[in-house]
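*Asks:* can't give you the sequence, but here's the structure:
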DNA sequence: GACTGGTATTTGGTATGCCAACTTTCTCGA
DNA sequence: TCGAGAAAGTTGGCATACCAAATACCAGTC
């Protein structure tokens, strides 16, 4: 018997399927293009896509099927596949659902997160304590997104994490645009600080309320000033 | 020109795609089978399915792709498609996400729903005011599901409606099973009555809290007594 | 009889071809 | 010149063919 313990092979090749690769490529392309700049809806050509991706139509279609189910594209029989432009009211609805889930995550975090995990909120987001975010708006936009994702991860609920990660893809652009309107950034920072303090105090009711009101405030803002979406 | 206004044709033939038909058939089959009775995971054979459905593998695969994205099945390369059995902690996580969304729907309903719509809650669910639901458990289980769906529809948020409708498919069986354990049915009725009253009083904070606690109570119950799921 | 190695079969992944419906372009007559 | 209609070209939906990996089966050896 050969001493097989002496062979240390690589764990696994784990080469992803073409479908997964096509999905990643398409999703990145869709989220990176700013859909709301285009006047008309963007149409995707299955044959061109499979040509550009270097694979056949089959995995492309299966990837598009997933994207349809996630609300990114829409199939029209014998007309084409179109990238969906969300209406203002749809965006508002997504932000409301987001608020519901993030506020629940905050509630769960109050009992589940360790002190070390909660400390990450302050450590990783020092910019929340500085005065003028408008100078570094791009960085702050990213930090803003990360802050909300961090709260959700602290909730340690995979279902909430998965659902919100999808919603984020749709809302990311709008959230950042709204930050630049009016005096929202400064307000946003104050609210974030209050949320951190409530979490550190492990006050579930307060944390939940603050997160919810923060989110619903964004929803109201989009409702009022988001007419450019339609 | 023919006066086309005089013709009132049927809206559209709207013959669904085979993919949609396959999706409906598979989803119904999956939700109707009780997955948790089976010892092993159930494997689906693409070729047998397409044979039984009378279509080719292509639309079947596309339907399965959607079901995978919804968390009902799992593809294993060159091994098969398996119906997913959720673990207890996954069920708990889904109930928590559900509670977040339903409580937000209740909050929204307080400002959005008309008096007539709120009245439907009492009219359609008279059994909540009767004493012994255990005699008609099946009917009560259905009414229970309808009650929660009604609250969500009163919230008038399409995103919340869509997401919860998916969660419901996964949780339906467990919710009904939990009702039969211990004295939960009677408790459930009392809580439903309190929720109706809070909504009728248009007390958003109270409605939200009652709905959330009702849901999280179910989550705790499954957490404690749902060991049969694993 | 158990084990090894190879071979046949099964099965999901992918590529390709065909079709019907929709668009666009061309044609021809008023 | 213009428009109706036909023909040609697109395009997504579906079916089918083929491939590689995984499994099942079998023969041969010790």
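*Replies:* Looks like it arrived, so ask away. Only a predicted model underlies this, so the values are computations on that prediction, with no experimental measurement involved.
*Asks:* residue A:202 contacts residue A:111, doesn't it?
*Replies:* Yes - look at residue A:202 against residue A:111 with Cβ atoms under 8 Å: they come within range, at 7.3 Å. Where C-beta positions appear, they are placed from N, C-alpha and C, glycine not excepted.
*Asks:* of these two, which one has the most company?
*Replies:* Under the criterion of other Cβ atoms under 10 Å in any protein chain shown, the comparison of residue A:202 against residue A:111 puts residue A:202 first, with 14 against 10.
*Asks:* how does chain A divide into domains?
*Replies:* If you go by automatic domain parsing, the domain ranges for chain A are A:18-83, A:88-229.
*Asks:* how about the secondary structure of residue A:190?
*Replies:* Here residue A:190 is recorded as helix under DSSP: H, G, I helix; E, B strand; the rest coil.
*Asks:* number of nearby residues for it?
*Replies:* Around residue A:190 there are 11 residues (other Cβ under 10 Å).
*Asks:* equivalent analysis for residue A:166, please.
*Replies:* Neighbours of residue A:166 using other Cβ under 10 Å come to 15.
*Asks:* and among the domains of chain A, the most buried is which?
*Replies:* domain A:88-229 (a mean of 18; mean count of other Cβ atoms under 10 Å in any protein chain shown).
*Asks:* that one: how far from the chain's middle?
*Replies:* In terms of Cα atoms, centre = their mean, to the nearest Å, the centre of domain A:88-229 is found 11 Å from the chain centre.
*Asks:* can you give me the end-to-end span of that domain?
*Replies:* Counting by Cα to Cα, to the nearest Å, you get 5 Å between the two ends of domain A:88-229.
*Asks:* any residue of it up close to chain B?
*Replies:* Yes - remark: domain A:88-229 sits within contact range of chain B at A:90, A:93-94, A:96-97, A:99-101, A:103-104, A:108, A:157-160, A:163, A:167, A:212, by Cβ under 8 Å from any Cβ of the partner chain.
*Asks:* helices - which of these land there?
*Replies:* A:90, A:93-94, A:96-97, A:99-101, A:103-104, A:108, A:158-160, A:163, A:167, A:212 (DSSP state H).
*Asks:* what does chain A have sitting close to DNA strand C?
*Replies:* A:17-19, A:50, A:55-59, A:62, A:77-79 (Cβ under 7 Å from any atom of the strand).
*Asks:* closest to chain B among these?
*Replies:* residue A:62 (5.0 Å; Cβ to the nearest Cβ).
*Asks:* what about the residue most central in space within chain A, distance to chain B?
*Replies:* Nearest to the geometric centre of chain A sits residue A:168, at 2.2 Å (Cα atoms, centre = their mean). Here residue A:168 is placed at a distance of 13 Å from chain B (Cβ to the nearest Cβ, to the nearest Å).
*Asks:* surely that residue meets residue A:149?
*Replies:* Yes - using Cβ under 8 Å, residue A:168 makes contact with residue A:149 at a distance of 7.4 Å.
*Asks:* re earlier: need the residues of chain A next to DNA strand C in a markdown table with secondary structure, can you?
*Replies:* Formatted as a markdown table, those follow (three-state DSSP):
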| residue | secondary structure |
| --- | --- |
| A:17 | coil |
| A:18 | helix |
| A:19 | helix |
| A:50 | helix |
| A:55 | coil |
| A:56 | coil |
| A:57 | helix |
| A:58 | helix |
| A:59 | helix |
| A:62 | helix |
| A:77 | coil |
| A:78 | coil |
| A:79 | coil |
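*Asks:* filter those down to the ones near chain B?
*Replies:* A:17, A:19, A:58, A:62, A:77.
*Asks:* wait, which of those residues is closest to residue B:31?
*Replies:* Residue B:31 lies nearest to residue A:62 out of those, by Cβ to Cβ, at 22.7 Å.
*Asks:* my guess is the closest one contacts residue B:60. True?
*Replies:* No - assessed by Cβ under 8 Å, residue A:62 is found out of contact with residue B:60, at 11.7 Å.
*Asks:* now residue A:47: closest residue in space that isn't a chain neighbour?
*Replies:* Sequence neighbours aside, residue A:57 is the residue nearest to residue A:47 in space, at 6.6 Å (criterion: Cβ to Cβ, 6 or more residues apart in numbering or on different chains).
*Asks:* strands along chain A, start to end?
*Replies:* A:43-44, A:73-76, A:80-83 (DSSP state E).
*Asks:* to residue A:33, which of these lies closest?
*Replies:* strand A:80-83 (7.7 Å).
*Asks:* tell me which strands the closest one pairs with, and in which orientation.
*Replies:* On the basis of DSSP bridges, the sheet neighbours of strand A:80-83 come out as strand A:43-44 (antiparallel), strand A:73-76 (antiparallel).
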